[in-house]
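K.L.:
with the sequence up front, the predicted model follows.
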Amino acid sequence: TLTMKTGVVNPDGVKASAQIVVNEKPDLKVASVASVSTKYVDYGTPFGSVGLPSTIEATLEDGSKTNLGVTWSKGSYDENVAGTYTVEGTLTMKTGVVNPDGVKASAQIVVNEEPNAKVFVSYNPYGKVNWDTYSQNKANFHTHTRESDGGRVPNEVIDLYHGAGYKILSLTDHAYASGHPTTWPWTKWGKDPVQLGMLAVEGNEVSGTDHTGSFFSSYDGSTNDIRTALNEIKSRNGMAVFFHPGRYNRSDSWYQTFYNDFDKTLVGMEVYNQGDRHPGDRAKWDRVNALVMPNVVVFGYSNDDMHADHELFRNYQFMLMPSLTEGALRESMLNGAFYFSYEPGGSGNINPPVPRISRIEVTSGGTVITISATNTSSVTWRTNKGVAGTGASIDLKTLDLEGAKFIRAELQNGSGKSYTQPFVLQSN
């Protein structure tokens, strides 16, 4: 609009006109990428089985962060020559991100020496456990209430598990792609875990994709993409376990990718669910561990997946912890410092009748493992190659363990079974 001065008029309402062009938001340049932990692999491991991540966190020039795909180049890597190799990965750009400086990911791979006949335990999940002072805390990490499709309200479910001697419980109601809040905190239903002498774990069952237990996290599960869900859980410092894998038609390599990409977030696989609905899940667990070891260990879980009363108390684990705290539980889940059980009869006893482990000892050379247990009629030792031996003690020096990535024990009696986590093996 024009402003008139003395002697000038604008009876026709002439106006000034101008065009303004708002440019597109500028692309952000990649400034750096996160470091990748060194990968230690057995002699003869093909490059495709090293377990390098398929995505990596990139920092952009404005300080923001984003995940980019990465394609790794083999370079000079030779699985048949022991040594340390540095490999590079080319970043895959997304809309709004550019890489004019050619920033690349980098990783080191250490190929171990060619093995001889000696096999020993290189990782003992119970190595930090003080069996004389740690408590054994009965736990269930998969439970439903009327907040999703369970048959009881949360306070009733809590009372049932408390009465059966459970010290750790997570109410994992379904969270489908539309999102669903966690059944949390217990005080909303008049239950105080401290007064009950229990440890409550916030969680849910992310159900818009392959069902996944989400723990220590308020994530509402609003996605139908598993990678998005795991990234959301990771960003909240949560932990995750794949539930009932036998329900889905996923390849072992599919699981390998996610366990490699989300190490320390995706910590386990449910191998007993709602009794034993998917008996093949133990074999899948073994096969996946054979793929991801020695860099990653997938720990086994046994959970009720309780919706109705007849599904109670058949599945649980004993978490070995110095104190009943979230920090101690996280450490137990990260290290595999627990064993799990299947009790078909579901007695609900505070001290259930399954085999109970009182001590596990590994000799300083890592070649002999001995289990002390009560209420046990047999002990069977298994590797990814099959049954390796029987008895409370196993001497690795006496076994043919060629190709074995781990060894674990199954303890049995007339009431049920208990399982150790896998001991990672290494040849030298």
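P.N.:
Received it, and whenever you're ready, just let me know what you need. Numbers count the residues shown, from 1 in each chain.

K.L.:
in stretch 309-322, what's buried?
P.N.:
E311, L312, F313, R314, N315, Y316, Q317, F318, M319, L320, M321, P322 (16 or more other C-beta atoms under 10 Å). From N, CA and C alone the C-beta is placed, and that goes for glycine too.

K.L.:
so where do the strands sit in the stretch 151-300 of the chain?
P.N.:
If DSSP state E, counting those that start in this stretch is used as the criterion, the strands of the stretch 151-300 of the chain fall at 168-170, 174-175, 199-201, 203-206, 212-215, 239-242, 266-273, 299-303.

K.L.:
from the buried residues of stretch 309-322, which ones fall inside strands?
P.N.:
Residues of the buried residues of stretch 309-322 located in strands (DSSP state E): N315, Y316, Q317, F318, M319, L320, M321.

K.L.:
distance of the fourth one relative to G197?
P.N.:
I take that to be F318. Note on F318: its distance to G197, by C-beta to C-beta, to the nearest Å, is 16 Å.

K.L.:
one step back: and of the strands of the stretch 151-300 of the chain, who's closest to A107?
P.N.:
Among the strands of the stretch 151-300 of the chain, the nearest to A107 by C-beta to C-beta is strand 266-273 (19.6 Å).

K.L.:
just how off-centre is that closest one within its chain?
P.N.:
Distance, stretch centre to chain centre, for strand 266-273: 8 Å (C-alpha atoms, centre = their mean, to the nearest Å).

K.L.:
and the contacts of it?
P.N.:
Residues from elsewhere that reach strand 266-273 (C-beta atoms under 8 Å, 6 or more residues apart in numbering): 142, 213, 230, 239-246, 255, 258-259, 281-282, 284-285, 288, 298-303, 305, 315, 333-334, 340, 342, 419.

K.L.:
so among these, which ones count as buried?
P.N.:
142, 213, 230, 239-246, 255, 258-259, 281-282, 284-285, 288, 298-303, 305, 315, 333, 340, 342, 419.

K.L.:
show me where the stretch 301-428 of the chain has its helices.
P.N.:
Here the stretch 301-428 of the chain has its helices, by DSSP state H, counting those that start in this stretch, at 326-335.

K.L.:
er, the stretch 51-200 of the chain I mean
P.N.:
Along the stretch 51-200 of the chain, counting by DSSP H, counting those that start in this stretch, helices occupy 154-163, 193-196.

K.L.:
R356 contacts K417, doesn't it?
P.N.:
No. Using C-beta atoms under 8 Å, R356 makes no contact with K417, being 11.9 Å away.

K.L.:
still on that earlier bit, can I get the buried residues of stretch 309-322 in CSV including pLDDT and distance to T383?
P.N.:
Putting the buried residues of stretch 309-322 into CSV (pLDDT from 0 to 100; distance: C-beta to C-beta, whole Å) gives the following:
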residue, pLDDT, distance to T383
E311, 98, 32
L312, 98, 33
F313, 98, 31
R314, 98, 27
N315, 98, 24
Y316, 98, 25
Q317, 98, 22
F318, 98, 23
M319, 98, 25
L320, 98, 23
M321, 98, 28
P322, 98, 31
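
K.L.:
quick check, nearest of the residues you listed to I168?
P.N.:
For those, the closest approach to I168 (C-beta to C-beta) belongs to M319, at 6.1 Å.

K.L.:
quick one: pLDDT of G391?
P.N.:
You'll see G391 listed with a pLDDT of 97.

K.L.:
my error: substitute K25 in the last question.
P.N.:
With respect to pLDDT, K25 scores 78.

K.L.:
next one: R408
P.N.:
98.

K.L.:
check A117 too.
P.N.:
44.

K.L.:
can you check F262 too?
P.N.:
If you check F262, the pLDDT there is 98.

K.L.:
so it makes contact with M239?
P.N.:
No. Assessed by C-beta under 8 Å, F262 is found out of contact with M239, at 9.8 Å.

K.L.:
where in the stretch 101-250 of the chain is pLDDT low?
P.N.:
In the predicted model of the stretch 101-250 of the chain, residues 114-117 satisfy pLDDT under 70.

K.L.:
at 80 instead, please
P.N.:
For the stretch 101-250 of the chain, residues meeting the criterion pLDDT under 80 lie at 113-117.

K.L.:
what's the answer for the stretch 251-400 of the chain, then?
P.N.:
Using pLDDT under 80, nothing in the stretch 251-400 of the chain is flagged.

K.L.:
and the helices of the stretch 51-200 of the chain, which is most packed in?
P.N.:
Highest mean neighbour count of the helices of the stretch 51-200 of the chain: helix 154-163, a mean of 18 (counted as mean count of other C-beta atoms under 10 Å).

K.L.:
okay, angle between it and strand 315-321 too, please.
P.N.:
In terms of direction (axes from the mean of the first three to the mean of the last three C-alpha atoms, to 10 degrees), helix 154-163 departs from strand 315-321 by 70 degrees.

K.L.:
distance from helix 154-163 to the middle of the chain?
P.N.:
So, by C-alpha atoms, centre = their mean, the centroid of helix 154-163 is 26 Å from its chain's centroid.

K.L.:
what's it in contact with?
P.N.:
So helix 154-163 is in contact with 140, 143-147, 150, 152, 169, 171, 183, 186, 188-191, 196, 198, 306, 309, 312, 348, going by C-beta under 8 Å, 6+ apart.

K.L.:
show the buried residues in those residues.
P.N.:
Buried among the contacts of helix 154-163 by 16+ other C-beta under 10 Å: 140, 143-145, 147, 150, 152, 169, 171, 183, 186, 189, 191, 196, 198, 306, 312, 348.

K.L.:
for E61, which of the strands of the stretch 151-300 of the chain is the nearest?
P.N.:
Closest among those, once you apply C-beta to C-beta, is strand 266-273, at 31.0 Å.

K.L.:
and the pLDDT for N80?
P.N.:
Reported pLDDT at N80 in the predicted model: 81.

K.L.:
okay, the nearest residue to it once chain neighbours are set aside and F141: tell me how far apart.
P.N.:
Spatial nearest neighbour of N80, chain neighbours left out: G44 (6.3 Å); criterion: C-beta to C-beta, 6 or more residues apart in numbering. For G44, the distance to F141 equals 37 Å [C-beta to C-beta].
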